[in-house]
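Colleague: build me a model:
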Amino acid sequence: MPHQASIPQTRLLLNRPRTRVSLVGYAVPWFVRMTFYAFVFTIPLDSIGISLGIPGAPFSVPQILGLLFALMFCFYINRLAKFPPVAFFFLGFYYFLLILHLGITPDEHYRYLLRRLLQMSQLIALFWMAFIVLMDPRIVRMSLKVFCGSCIFLCTAILFQIPGFTAIEKFEDVGRETFANADPNLFSFLLGLAVLVIFTIMVNQYQTDKKINYLMFIPVLLLLYYIVASGSRGGALSFVSGIMVYLWASKESRGKHLKWGVSIFALILIIVLSLKVELAETRWQQSLLEGRLGNRERLFPEAVKLTLMRPLLGWGPEKNLRLLGEFWGRMRGGPHNTFLFVSTEMGFVGLIPFAVGWVLIGISCWRTRDGTLGNLPFAIFVLILVANNTVDMIYMKPTWFFLALCAASVAYSKKKFRRALASLSGEHSDRDQVTTGPYHVR
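Modeller: Numbering: from 1, shown residues only. Below you'll find the predicted structure:
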């Protein structure tokens, strides 16, 4: 009778590698892994548009690496191909509606539609490929560390004012810091994700070795400062939401005191920095004392009104943005909410399947809180959900990448993980051992 191994918890994910066998039944080839890590590193850099040094070059470095990953994946597609999750089809229904609009969109909006269709083709493919690759826990562990490293690199580049990484965007006569020309809201959202992952690494290390690496507070301080310095209230709110869920949705009692400690530390630091940074203090005063939310308090009702004027099919690609642009006094304007973006563009025919896709991913994350990823996927899901309710991020890579990560977490539920270990117990060689213990699978 094969030896029964206990179910590893979150520390299997983020601590030192201990697996020599694939827990999902296949191994992702080395070339696919390396190009995927390079692509993940460029996700925070994508808004910068790092050129190839050639004037007028049509592709940036992030786009080149993304294409290289896609080519490597397609080269091994017979080995990697796997049926996508059910949520993929609900989310992809929006893409299907874009295709249908090719036959009914007026000529003035046709160019915009083609550009959006190309973008959505890439994002849907990214979701499917990332979902498959991230079913390997070792790749999840390394991908999250690479992502954190990229965010720390960005903040360090801003701190030392490396050319090309610092720009000041004027907002009511106050400087608003971000890297290059990236959206400050997206910037703070990415940094919040990185801090959440670093906190998870710290907690996992404490659960394993009963030690705290205090040096990890240095990048945490740097990232938290730039979350506040960006002036994004939505970014700070999404980070706080993710931290709260990380605390309260956990099923594991070990390391509970450290979780509360680092979370309270982060919240206090955010409050203190918000009182010290002029832009953050000004914007929070506007929100709390004057009820001003960057015009969202008027824009959201306007978007809802547009949706109710054409509730079934919406206004169509670009026309919804032009109508909202009249509110902003410019040619185009977004609703600052992903779901309102979909409802004004595609009506309830597009909104309902899109929302169902999100709900399905959220349910899968909730049900797998006792798996090898712990409650981290559910915390990430809540963070990106809050972020998408403050900014329309449907055409941004981080949204689809982290949705794929959350969807892939279902592969590490306790039931499936036990089944994978049972199937491997009779197949591993003498060198590949499945060892009992709280976190050993090697």
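
Colleague: report the buried residues of the longest helix along the chain.
Modeller: In the chain, taking DSSP state H as the definition, the longest helix is helix 338-367. In terms of neighbour count (16 or more other Cβ atoms under 10 Å), helix 338-367 has its buried residues at 338-351, 353-358, 360-362, 364-365. Where you see a C-beta, it was placed from the backbone N, CA and C, and this is true even at glycine.

Colleague: and the helix or strand just after it with helix 338-367, angle?
Modeller: Using DSSP states H and E, the helix or strand that follows helix 338-367 towards the C-terminus is helix 376-388. With axes from the mean of the first three to the mean of the last three Cα atoms, to 10 degrees defining the directions, helix 376-388 sits at 170 degrees from helix 338-367.

Colleague: chain center to helix 376-388, what's the gap?
Modeller: 8 Å (Cα atoms, centre = their mean, to the nearest Å).

Colleague: residues touching Phe348, list them.
Modeller: By Cβ atoms under 8 Å, 6 or more residues apart in numbering, the residues touching Phe348 are 307, 311-312.

Colleague: helices or strands up against the helix or strand Ser241 falls within?
Modeller: Using DSSP H and E, the secondary-structure element containing Ser241 is helix 233-248. Here helix 233-248 touches helix 184-209, helix 217-229, helix 256-276, helix 278-290, helix 376-388, going by 3 or more Cβ pairs under 8 Å, 6 or more residues apart in numbering; DSSP states H and E.

Colleague: the closest residue to Trp284 other than its chain neighbours: what's it in contact with?
Modeller: Using Cβ to Cβ, 6 or more residues apart in numbering and skipping residues adjacent in sequence, the residue nearest Trp284 is Ser274, 5.7 Å away. By Cβ under 8 Å, 6+ apart, the contact set of Ser274 is 228, 236, 280-281, 284.

Colleague: the same query, at a cut-off of 10 Å, please.
Modeller: Ser274 makes contact with 227-228, 231, 233, 236, 280-281, 283-285 under the criterion Cβ atoms under 10 Å, 6 or more residues apart in numbering.

Colleague: do the same with Val195
Modeller: 148, 151, 219-224, 227, 239, 242-243, 262, 266, 270.

Colleague: what's near enough to touch Ile99?
Modeller: Residues near Ile99 by Cβ under 10 Å, 6+ apart: 113, 117, 120-121.

Colleague: and the contacts of Ser274, which is closest to Glu297?
Modeller: Glu297 has its nearest neighbour among the contacts of Ser274 in Arg233, at 12.3 Å by Cβ to Cβ.

Colleague: so that closest one touches Ile270, yeah?
Modeller: No. The criterion here is Cβ atoms under 10 Å, and Arg233 misses it with Ile270 at 11.1 Å.

Colleague: so where's the stretch 1-150 of the chain shaky on pLDDT?
Modeller: By pLDDT under 70, the weakly predicted segments of the stretch 1-150 of the chain are 1-26, 47-59.

Colleague: go again with 90.
Modeller: 1-28, 44-66, 77-83, 103-109, 135-138, 141 (pLDDT under 90).

Colleague: same deal with the stretch 201-350 of the chain?
Modeller: For the stretch 201-350 of the chain (pLDDT under 90), the answer is 201-217, 225-237, 240, 243-301, 321-336.

Colleague: rerun at 80
Modeller: 204-212, 247-263, 275-276, 278-281, 283-296, 326-332 (pLDDT under 80).

Colleague: hmm, back to that, buried ones among the contacts of Val195?
Modeller: Of those, these count as buried by 16+ other Cβ under 10 Å: 148, 151, 219-220, 222-224, 227, 239, 242-243, 262, 266, 270.

Colleague: dump the residues you listed to TSV, plus distance to Val382.
Modeller: Formatted as TSV, those follow (distance: Cβ to Cβ, whole Å):
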residue	distance to Val382
Cys148	19
Cys151	19
Pro219	23
Val220	20
Leu222	24
Leu223	19
Leu224	19
Ile227	17
Phe239	11
Gly242	6
Ile243	10
Val262	18
Ala266	15
Ile270	17
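
Colleague: filter the contacts of Ile99 down to the ones in helices?
Modeller: Among the contacts of Ile99, DSSP H puts 113, 117, 120-121 in helices.

Colleague: what's the first helix or strand after the helix or strand harbouring Arg111?
Modeller: Element membership of Arg111, judged by DSSP H and E, is helix 107-133. Sequence-wise, the next helix or strand downstream of helix 107-133 (DSSP H and E) is helix 137-159.

Colleague: now that following helix, how far from the centre of its chain.
Modeller: 13 Å.

Colleague: count the neighbours of the residue nearest to Phe327 when sequence neighbours are not counted for me.
Modeller: Closest residue to Phe327 apart from its sequence neighbours, by Cβ to Cβ, 6+ apart: Glu302 at 5.4 Å. Using other Cβ atoms under 10 Å, Glu302 has 18 neighbouring residues.

Colleague: doesn't Thr372 make contact with Asp136?
Modeller: No. Asp136 lies out of contact with Thr372 (Cβ under 10 Å); the separation is 11.4 Å.

Colleague: contact partners for Ile156?
Modeller: I think there's a mix-up here, since residue 156 is Thr and not Ile. 162, 165, 219, 222.

Colleague: closest to Leu80 among those?
Modeller: Nearest to Leu80 among these is Pro219, at 33.0 Å by Cβ to Cβ.

Colleague: you'd agree the closest one is up against Leu154?
Modeller: No. Look at Pro219 against Leu154 with Cβ under 10 Å: they stay out of range, at 11.2 Å.

Colleague: show me whatever sits in contact with both of those two.
Modeller: What both Pro219 and Leu154 touch, as defined by Cβ under 10 Å, 6+ apart, is the set Ala194.
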